[in-house]
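Undergrad: mind folding the following:
(one chain, ligands or ions: 1)
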Amino acid sequence: MQIAQNSVVAFHYTLTNDAGEVLDSSEGREPLAYLHGAGNIVPGLEKELAGRESGEKLQVTVTPEEGYGENQPGLIQEVPIESFQGVDDVQPGMQFQAQTQGGPLMVTVTQVEGDTVTVDGNHPLAGQTLNFDVEITEVREASQEELEHGHVHGAGGVEH
Ligand SMILES: [Zn+2]
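TA: Numbering: from 1, shown residues only. Down below sits the predicted model:
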């Protein structure tokens, strides 16, 4: 069957940036499973998978606008180290949930200088062109329960 609204799709993928560096891959893992049309994966990839079938291989290039968005300088902030109460040793690369006016936001520590910590609320892949190498391994109808939850259950999806 062809991938359409409410299909459950499983696929293997390798994600590289424009420099050819592998950013993520399902190699050695279960294929990733998602519910088509539910916004489970980046819009640019979801769009290209529509109408495809199990067994197909494709390469998809996703621009930042259809991926994780452009880098927004306004999401980079300097905060005093005292705001990290309960954290012994704040280090670059650590991620924290920050409370913002727009709701909770995942931020990554990018720099620690004395008592000042720089945090970045952009997605780590924001501003990057994403190159996906995809192999579709399964296409099936979603169950009623999966449609209600808006995600896939079982292998490659949500276990609960
Ligand atoms: Zn669920």
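Undergrad: name the residues that touch stretch 151-160?
TA: 8, 10, 30-35, 38, 40, 142-143, 145-146, 149 (Cβ atoms under 8 Å, 6 or more residues apart in numbering). C-betas here are computed from N, CA, C, even on glycine.
Undergrad: just the buried subset of these, please.
TA: Buried positions within those, assessed by neighbour count (16 or more other Cβ atoms under 10 Å), are 8, 10, 31, 32, 33, 34, 35, 38, 40, 142, 146, 149.
Undergrad: quick check: the second one vs residue 26, distance?
TA: Meaning residue 10. 10 Å (Cβ to Cβ, to the nearest Å).
Undergrad: what do the two both touch?
TA: Jointly contacting residue 10 and residue 26 under the rule Cβ under 8 Å, 6+ apart are residue 32.
Undergrad: which two of the contacts of stretch 151-160 have the greatest separation?
TA: Largest separation among the contacts of stretch 151-160 by Cβ to Cβ: 31 and 145, giving 20.5 Å.
Undergrad: as a check, name the ranges of all helices in this structure.
TA: Applying DSSP state H to the chain gives helices spanning 43-49, 144-149.
Undergrad: those helices: which one's closest to residue 112?
TA: Nearest to residue 112 among the helices of the chain is helix 43-49; the distance by Cβ to Cβ comes to 34.2 Å.
Undergrad: worst-scoring helix or strand of the chain, pLDDT-wise?
TA: Least confident helix or strand, the chain: strand 95-100 with a mean of 88, by mean pLDDT, DSSP states H and E.
Undergrad: for residue 61, find the nearest of the helices of the chain.
TA: Closest to residue 61 of the helices of the chain is helix 43-49 (Cβ to Cβ; 8.1 Å).
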